[in-house]
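Peer 1: Provided below for reference: sequence and predicted model.
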Amino acid sequence: MSSAAVEIADPASRLRILPVPVTDPPPIDPRRRRRPIRAVDQGVLDLAPAALAPVPEPDPAPEPRPAADLPDPTRTVATLAPAVMEVLGGLRPASQLIRWTSQDVQTALAQRAALAARMGQQARPGRPPVVRAVQVCRPSEKIAEASVVVVEADRIRAVAIRLEADKRRWRATALEVG
């Protein structure tokens, strides 16, 4: 069928058949390399097993550390979000994120990963998830809330993370993946 309008032969009928307009986005040129937008350095979480890592002796009376000495929450969120996506995709066990998540978040992650595995929604090994954008809001000195855009193989996902200060680092206490 041509792109021009086709009229029916009966002049008494006012019915015209028109082609459906193309609304698909243009195809992606595979030769064009896209660089991800990076808010921070895409470092890797140190996820060495506890058995291999030396355990420091606890301080007899640790002094409370001011919130100004906490690390930048943007960096923490940018490394935690892809790791969460790997857990949900079945590429990483949820137990590797124990140090960076609260017990509630840890349990929810493990349950959601098990559900995805039962439903056959595991990720294919290949390119790891990439962080495209990070937006951090600090409602107080010891709380940070962030939204992260993560690109998986063929999907773009939104991750919302709430971090709370826990001694000398940030710990995720709430997590939503869209």
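Peer 2: In hand now; what should we look at?

Peer 1: Quick one: the strands in this protein, in order.
Peer 2: According to DSSP state E, the chain carries its strands in the segments 6-7, 16-17, 130-140, 143-151, 156-166, 169-177.

Peer 1: So what are the sheet partners of the second one and their directions?
Peer 2: Each strand pairing with strand 16-17, determined using DSSP bridges, is listed with its direction: strand 6-7 (antiparallel).

Peer 1: can you list the weak-confidence ranges in this protein?
Peer 2: Filtered on pLDDT under 70, the chain yields the residue ranges 1-13, 25, 28-68, 121-125.

Peer 1: if I look at the residue lying closest to Ile98 once chain neighbours are set aside, how far off is Met85?
Peer 2: Counting by Cβ to Cβ, 6 or more residues apart in numbering, the nearest residue to Ile98 once its immediate chain neighbours are dropped is Gln106, at 6.0 Å. In this view, the C-beta of every residue, glycine as well, is placed from N, C-alpha and C. As judged by Cβ to Cβ, to the nearest Å, Gln106 and Met85 stand 16 Å apart.

Peer 1: Compare these two (neighbour count), which wins?
Peer 2: More neighbours sit around Met85 than around the other of Gln106 and Met85, counting by other Cβ atoms under 10 Å; the figures are 24 against 19.

Peer 1: Val149: how many residues sit nearby?
Peer 2: As a burial measure, the neighbour count of Val149 was computed by other Cβ under 10 Å and equals 18.

Peer 1: I'd say it and Arg132 touch.
Peer 2: Yes. With the criterion set as Cβ atoms under 8 Å, Val149 and Arg132 qualify as a contacting pair; they are 4.3 Å apart.

Peer 1: what touches both of those two?
Peer 2: Residues within reach of Val149 and of Arg132 at once, by Cβ atoms under 8 Å, 6 or more residues apart in numbering, are Ile156.

Peer 1: Val177 is in contact with Leu88, correct?
Peer 2: Yes. With contacts defined as Cβ under 8 Å, Leu88 counts as touching Val177 at a distance of 6.5 Å.
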